[in-house]
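Novice: Predicted model and sequence follow; I will ask about them next.
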Amino acid sequence: MIARFKGRSAFTALLLSLTLVVAGCSGAGNGGNTPASEGASSQQPAESPKGEATATPEEKEPVTLKFTFWGSPQEKSAMEQATKTFTEKYPWIKVNAIHIPEADYDAKITAMVAGNDSPDLGYMHGELADPWQKEGKFVNLFELLDNDEELKREDFLDYIWFKSSEDFAYGISTAGETFGLFYNKDLFDQANAAYPPSKPEEAWTWDEFVDVAKKLTIDKNGKNASEADFDPKNIRQYGVSFETWHGPVHATVINNEGEWITKDGKFGFSQPEATEAIQRLADLINVHHVAPSPVQMKSIPSQAVALQSKLVAMSMHGQWINLDLGAAGVNYDIGVLPKMKRSVPMGISGASVIYQSTKHLEEAWLLTKFLENPEGSIDLYKGGLWMPTMTKWYTDPELVAKWAENNPAHPAGFKDAMMNNLLNNGVPTGSYYIKNFSKVNAITFSGMDEVWLGRKTAAEAMKEVEAKVQPEIQGRYDVSE
């Protein structure tokens, strides 16, 4: 995943006649997460999404759904178990859960679709989902949801829909995901440095953040980056690290109140608010010497490993690394991102879609709802990989306790820095609303390499990119024509 968007979870659902709960990878709402009374007979007719009576399970024709997904070994195992649990609840529906490595995912799915072997439903990257939804490849989830008796749009976090219009959602976020400031507490204690704030209203200013990062950047002689005789060419511990794909960069631009594509259809990354934010990231590498370059990061397997091995003290990264940090027993915690003009959490995720070509729409919708409910694969939420998509899993104390409390993957700062922050202040990343996202993203970030290497300023590089990307800009889905 390039540490990008993570997948969802699976979970226990009953017949459509029962009270189904859709929670899942991204938060749960207040409607429909309560099972029907245990005395309800399995012989009672189920209700379809439109409310008409359907056959009992014993009368159903056997159905096999083809479901494709990516993810870590833990996610693969959990998803396979979740789909088995789904079949226990819906005995006539079997799930052929096909795991595809994320690096190969788009190519494999493209080949499947081209060969008339499309899945019924599955994960999608925003880069591929956008052009495919223009071709009509996906079902409108809003139509299914609006005809569903247990759920409504308001049950979900606001930002989590991949929409081509206000009334057409071609995908739902696989999970709730956002960025924060992860830190190794042992290294902060050694430096006698104050921990990063977890409350957004107390966020460090950018200058305060840089000052702390300098104290936590140590050369081979034990000197830190704030000292005059510090050796920037021989660093054994960096103060901070970050990745240079669109997620972390866009999150930083948003915090300086910049845009990627403006609402009037201009390339926002060439405007001052954006270039200032991008330049500040590059300066962490080339001016302050507190962050490794992308080339240096290639020798480190992941941001989680960097923190665990104490090669870096802080990482500006995505919530999903709670899984690895918690499992490894790292003494870590989470703060909010440093403030520029503000500190807000950017929501990000891959999409979950149902293919228009499915012959089993009712069953695919059942599985989609099931996979959006944390109960069925609660360990992946407790383990730190996913956050829910429905609000009730953020606001109901009993549900919050099931995944976000008393486990090593959710340290003390998690609720303020990530859970409550995403619920109350979350804003979407560009893949949710930028038209022609795949081309816009590819052109934009191919032009940033020289910035990270210190060969061009962000303003210079983004001005050059502007001439290439502007012809590809088709506007935003969240702006009326």
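Specialist: Noted; the coordinates are in hand.

Novice: burial count for the closest residue to Tyr159 other than its chain neighbours?
Specialist: Distances taken as C-beta to C-beta, 6 or more residues apart in numbering put Pro428 closest to Tyr159, at 4.1 Å, once the chain neighbours are dropped. To be clear about C-beta, it is placed using only N, CA and C from the backbone, and glycine gets the same treatment. Applying other C-beta atoms under 10 Å, we find 22 other residues in the vicinity of Pro428.

Novice: and what of the one 4 residues further on?
Specialist: By the other C-beta under 10 Å criterion, the neighbourhood of Tyr432 contains 24 residues.

Novice: cool, the one 4 residues further on as well?
Specialist: For Asn436, the number of neighbouring residues by other C-beta under 10 Å comes to 16.

Novice: Same check on Phe445?
Specialist: The tally of other residues near Phe445 (other C-beta under 10 Å) stands at 15.

Novice: same deal with Lys359?
Specialist: Other residues near Lys359 number 9, with proximity taken as other C-beta under 10 Å.

Novice: ok, now which ones touch it?
Specialist: Neighbouring residues of Lys359 by C-beta atoms under 8 Å, 6 or more residues apart in numbering: Asp120.

Novice: nearest spatial neighbour of the residue of the chain most remote from its centre, skipping sequence neighbours?
Specialist: Residue farthest from the centre of the chain, counting by C-alpha atoms, centre = their mean, is Asp229 at 41.0 Å. Here the nearest residue to Asp229 in space, its sequence neighbours aside, is Lys223; by C-beta to C-beta, 6+ apart that works out to 5.8 Å.

Novice: and the one you found, how many neighbours?
Specialist: 16.

Novice: And it, how far from Lys94?
Specialist: The span separating Lys223 from Lys94 equals 62 Å under the rule C-beta to C-beta, to the nearest Å.

Novice: Then Val295?
Specialist: Where Lys94 is concerned, Val295 sits at a distance of 47 Å (C-beta to C-beta).

Novice: Tell me which of these two has more neighbours.
Specialist: When Val295 and Lys94 are compared for neighbours, Lys94 comes out ahead with 16 against 10, by other C-beta under 10 Å.

Novice: Show me what the helix or strand hosting the more buried one is packed against.
Specialist: Take DSSP states H and E as the rule and Lys94 turns out to sit in strand 93-99. For strand 93-99, the helices and strands in contact under the criterion 3 or more C-beta pairs under 8 Å, 6 or more residues apart in numbering; DSSP states H and E are strand 63-69, helix 73-89, helix 361-371.

Novice: try it again with 10 Å
Specialist: The elements that strand 93-99 packs onto, with contact taken as 3 or more C-beta pairs under 10 Å, 6 or more residues apart in numbering; DSSP states H and E, are strand 63-69, helix 73-89, helix 102-114, strand 121-124, helix 361-371.

Novice: Lys310: which of the ones you listed is closest?
Specialist: The closest of those to Lys310 is helix 73-89. By C-beta to C-beta, the value is 23.7 Å.

Novice: Can you give me the buried ones in the closest one?
Specialist: Of the residues in helix 73-89, those scored as buried under the neighbour-count criterion (16 or more other C-beta atoms under 10 Å) are Gln74, Glu75, Lys76, Ala78, Met79, Gln81, Ala82, Thr83, Thr85, Phe86, Thr87, Lys89.

Novice: Low-confidence ranges, the protein, go.
Specialist: Confidence mapping of the chain against pLDDT under 70 gives the ranges 1-58, 481.

Novice: Apply 50 and report the result again.
Specialist: Counting by pLDDT under 50, the chain has low-confidence residues at 1-53.
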